[in-house]
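Asker: this is the structure alone, sequence omitted:
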């Protein structure tokens with residue numbers, strides 16, 4: 001390629017992490033001249049999806065350093081939550097609120113079992129971590145979202161960030177695109193940049209599946 005845009009680097013990094021080729025992904029990430037937030041998040045998410053929690057959390061801490069030019073956003077936080085929920089880094093989990101607006105609720109932790117939450121207190125703040133923590137099980141994230149709707153709780157932008165991210169990394173293309181379409185039309189939630197980024201990733205997954213199916217014929 002004569003011109004390598006950040007999107008080209010990010011697509012290749014995401015592809016390598018999805019097939020577990022982390023040495024290649026890490027080399028690309030190291031060589032990348034202008035690492036944007038999507039590049040960092042792609043690496044962190046790839047580590048989490050493959051159970052490499054220590055690497056994910058180490059990279060996340062690099063972003064949080066005072067001299068880091070790129071800082072985590074909500075998508076990055078959602079991507080690293082599964083590693084925190086698996087207990088790989090208690091200190092980081094306890095300090096996750098530094099630099100972010102976090103509503104602290106005693107029972108709203110990374111524990112995804114709804115029985116731990118008092119029935120009357122199951123608001124959107126309680127449901128969102130449960131949806132986001134189902135990193136390796138996209139269908140569970142979708143079913144948890146459906147449970148939330150049945151309980152009468154309306155989703156907010158954070159709900160869709162976690163849900164779209166899970167659908168993207170679990171290959172639930174139709175479910176993810178359906179959720180994106182109903183954000184504004186059904187729930188009056190205006191799509192933000194992180195929602196659009198997750199949706200783009202869903203379309204990339206669609207192309208990858210088409211290419212793979214043709215190669216297998």
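Answerer: Cool, the structure landed. Note that the structure is predicted; figures quoted are calculated from it, not measured.

Asker: and residue 79, how many neighbours does it have?
Answerer: 30 (other CB atoms under 10 Å). Where C-beta positions appear, they are placed from N, C-alpha and C, glycine not excepted.

Asker: so where's the chain shaky on pLDDT?
Answerer: For the chain, the stretches with pLDDT under 70 are 85-122, 125, 133-138, 205-217.

Asker: where do the helices sit along the chain?
Answerer: Counting by DSSP state H, the chain has helices at residues 6-18, 22-31, 37-49, 53-64, 74-85, 90-94, 124-133, 138-150, 157-170, 173-187, 193-216.

Asker: my guess is residue 139 meets residue 167, correct?
Answerer: No - contact between residue 139 and residue 167 fails when scored by CB atoms under 8 Å: they sit 9.4 Å apart.

Asker: more neighbours, those two?
Answerer: Neighbour count, other CB under 10 Å: between residue 139 and residue 167, residue 167 has more, with 28 against 13.

Asker: so that one sits against residue 175, correct?
Answerer: Yes - counting by CB under 8 Å, residue 175 is a contact partner of residue 167 at 5.2 Å.

Asker: pretty sure residue 192 is touching residue 157, no?
Answerer: Yes - counting by CB under 8 Å, residue 157 is a contact partner of residue 192 at 6.0 Å.

Asker: can you tell me, leaving aside adjacent residues, what's nearest to residue 167?
Answerer: Among residues not flanking residue 167 along the chain, residue 176 sits closest, at 3.1 Å (CB to CB, 6 or more residues apart in numbering).

Asker: cool, residue 16 as well?
Answerer: Sequence neighbours aside, residue 25 is the residue nearest to residue 16 in space, at 3.8 Å (criterion: CB to CB, 6+ apart).

Asker: what number of residues lie near the one you found?
Answerer: So residue 25, with other CB under 10 Å, has 22 neighbours.

Asker: same deal with residue 174?
Answerer: 10.

Asker: the one 3 residues further on now?
Answerer: Residue 177 sits with 16 neighbouring residues when counted by other CB under 10 Å.

Asker: that one touches residue 198, doesn't it?
Answerer: No - assessed by CB under 8 Å, residue 177 is found out of contact with residue 198, at 10.2 Å.

Asker: how far away is residue 187 from residue 77?
Answerer: 22 Å (CB to CB, to the nearest Å).

Asker: those two: who's more crowded?
Answerer: residue 77 (21 against 15).

Asker: you'd agree residue 162 is up against residue 144?
Answerer: No - using CB under 8 Å, residue 162 is not in contact with residue 144; the gap is 9.5 Å.

Asker: list the contacts of residue 40.
Answerer: Counting by CB atoms under 8 Å, 6 or more residues apart in numbering, residue 40 makes contact with 59, 63, 70, 72, 76.
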